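Asks: Take a look and give me a structure for this.
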Amino acid sequence: MIEAADTAWMLVATALVLLMTPALAFFYGGLVRSKNALNTMMMSFISLGFVGVLWAVVGYSLALTAGNNYIGDLSLAFLNGVGLESGGTILGDVSKIPHVLYMSFQATFCIITAALISGAIVERMRFSAYVTFISLWSVVVYAPIAHWVWGGGWIADLGAWDFAGGTVVHVNAAAAAFVAAIVVGKRSDYGSTSILPHNVPFVLLGAGLLWFGWFGFNAGSAVAANGIAGLAFTTTMLAPAATLVVWTFCDMLRSKRATAVGAATAIVVGLVAVTPAAGFISPMNAILLGGIAAIPSYLALMIRAKTSLDDSLDVVAAHGVGGTVGALLTGVFASKALNGVFDGALYGNPGQVLSQGAAVLGAMVYSGVASFILLKLIGIVMPLRATTNEEGEGLDVTAHGEEAYMHVGGSAPIMREKAKPQGSLSPARADA
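Replies: Okay, here's the model as predicted:
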């Protein structure tokens, strides 16, 4: 039976999570150089289309039907049987919302997970190769891992818990991002020139909108307007606040300055860390979790900066390390008195930490290996990265024929057009 209150809340939550992808575009877009701002933002926006459609066509069915321990079946492909009735998936009639709405809610998760990967390969990956990769990745990698955790797969059987996607979303995306950064290679001028954010207010705007949308991400994962949703809402407010406090102290100790980019990064790390635990832990434990999570991610970011790995926007440090710490601490702080499901080590169940760790490791290995294979196969068909000249000019112009800002060379597409021989049909260089 459809419940009006639950349906109303899930309509709002779905819209909030969808907003997170444009929010990510601003967060990532502000962190890159101005000549690549549009290209970076498009890497998030394009996921709304390609990944969203593939989720409806096949991804949802593979992720959340019974199938077997590793993958669902195709019984709901092309949304066959996904209608106005409540429930309808392996999860059963638990949500009291229309099945089609539940499908849409889950779609927003797949969309932003694919978009997260772009942070590791901005300013040099060819746009057509990137779109091909995230499209295939959403079906080959995201759908199986979502099935393992939320669709009755082997991770669920293991007894590992992931309330809103610490493993499914963040660890998964970070593993793929790490591999992509290695396979695509570093930017041509990485390490030889200073690469600074071009618009820090964009970064702050993106972080604020991400936090706003994350209330739908976490509280919406209760799939009902109930006490667990309220708990997840509260932990989603408190954990990033604690991360921000600890991160600020770290910044002050290291450089005697509290930076805006650091504050925005801290908020995202805290949100990532609390995601797997949001509906399982108490508000005070959420503060502890958020504060603890700041330190490993901060250190990971500092260490990465001293290596040759060009994980451009530190997807691994923020989402990989933050998601892993959050998943493990879920196994520490979870309280059955609150969540009605399981206790963590702090409440007499230390084995839960091992289950959480196994889930993280399984997702990390599969995502990394499968992503590597996908990138190598795509690389056989088309080049994965832009040329050095295209990187130098900026991917806004070379991939999209547009610019975020009018530079001194802002007339480049027009001048290129004038220089073309007669008979050329293309109004501006498209991504090759």
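Asks: was I right about F26 contacting L209?
Replies: Yes - counting by CB atoms under 8 Å, L209 is a contact partner of F26 at 6.7 Å. Quick note: C-beta positions are derived from backbone N, CA and C, even for glycine.
Asks: More neighbours: which of these two?
Replies: In this comparison of F26 against L209, neighbours counted by other CB atoms under 10 Å, the higher total goes to F26 at 24 against 19.
Asks: Kindly confirm my reading that V139 forms part of a helix.
Replies: Yes - under DSSP: H, G, I helix; E, B strand; the rest coil, V139 falls within a helix.
Asks: and it, how far is that from A77?
Replies: Separation of V139 from A77 (CB to CB, to the nearest Å) stands at 11 Å.
Asks: So for those two, which residues contact both of them?
Replies: Among the neighbours of V139, those also in contact with A77 (CB atoms under 8 Å, 6 or more residues apart in numbering) are V58.
Asks: Let me know how buried N172 is, in neighbour terms.
Replies: Neighbours around N172, by other CB under 10 Å: 33.
Asks: which residues does the residue nearest to it when sequence neighbours are not counted contact?
Replies: For N172, ignoring the flanking residues on the chain, the nearest one in space by CB to CB, 6 or more residues apart in numbering is S367 at 4.8 Å. Counting by CB under 8 Å, 6+ apart, S367 touches 141, 145, 171-173, 175-176.
Asks: ok, 6 Å please
Replies: 141, 172, 175-176 (CB atoms under 6 Å, 6 or more residues apart in numbering).
Asks: Tell me which entries of those lie within strands.
Replies: Using DSSP state E, no member of these sits in strands.
Asks: now stretch 86-95: mean pLDDT?
Replies: Averaged across stretch 86-95, pLDDT comes to 55.
Asks: State the phi and psi torsions of L384.
Replies: Dihedral angles of L384 (phi, psi; degrees, to the nearest 10) stand at phi -80, psi -30.
Asks: N389: neighbouring residues, count only.
Replies: Neighbours of N389 using other CB under 10 Å come to 9.
Asks: Mind telling me what element it is part of?
Replies: helix 388-393 (DSSP states H and E).
Asks: Pull out the buried residues from that helix.
Replies: Neighbour-count burial for helix 388-393, with 16 or more other CB atoms under 10 Å as criterion, is recorded at 390-391, 393.
Asks: Enumerate every residue touching W55.
Replies: The contact partners of W55, by CB under 6 Å, 6+ apart, come to 107, 110.
Asks: Could you look up the SS state of it?
Replies: At W55 the chain is in helix, as set by three-state DSSP.
Asks: measure it to A164 for me?
Replies: Distance of W55 to A164, computed by CB to CB: 17 Å.
Asks: Which residues are in contact with A115?
Replies: Counted by CB under 6 Å, 6+ apart, A115 has contacts 21, 24, 44, 47.
Asks: Tell me the confidence at the third one?
Replies: S44 carries a pLDDT score of 98 in this model.
Asks: Just give the number of residues close to the residue lying closest to it once chain neighbours are set aside.
Replies: Distance criterion CB to CB, 6+ apart; nearest residue to S44, sequence neighbours excluded, is A25 at 3.8 Å. Look at A25: counted by other CB under 10 Å, it has 26 neighbours.
Asks: Now A25: which helix or strand?
Replies: For A25, the host element (DSSP H and E) is helix 4-31.
Asks: got any ranges where the chain has weak pLDDT?
Replies: Filtered on pLDDT under 70, the chain yields the residue ranges 87-95, 407-432.
Asks: mind running it again at 80?
Replies: When residues are selected by pLDDT under 80, those of the chain lie in 86-95, 406-432.
Asks: buried residues in the longest helix along it?
Replies: Counting residues, the longest helix found in the chain (DSSP state H) is helix 351-381. Residues of helix 351-381 classed as buried by neighbour count (16+ other CB under 10 Å): 352-353, 355-356, 359-360, 362-364, 366-368, 370-372, 374-375, 378.
Asks: what about T40, distance to P197?
Replies: Distance of T40 to P197, given as CB to CB: 11 Å.
Asks: higher neighbour count, the two?
Replies: Taking neighbours as other CB under 10 Å, T40 and P197 compare with T40 leading, 26 against 18.
Asks: What helices and strands are in contact with the helix or strand harbouring the more buried one?
Replies: Assigning secondary structure by DSSP H and E places T40 in helix 37-54. When contacts are defined as 3 or more CB pairs under 6 Å, 6 or more residues apart in numbering; DSSP states H and E, helix 37-54 packs onto helix 4-31, helix 99-116, helix 127-137, helix 395-400.
Asks: G323: which of these is closest?
Replies: helix 99-116 (10.3 Å; CB to CB).
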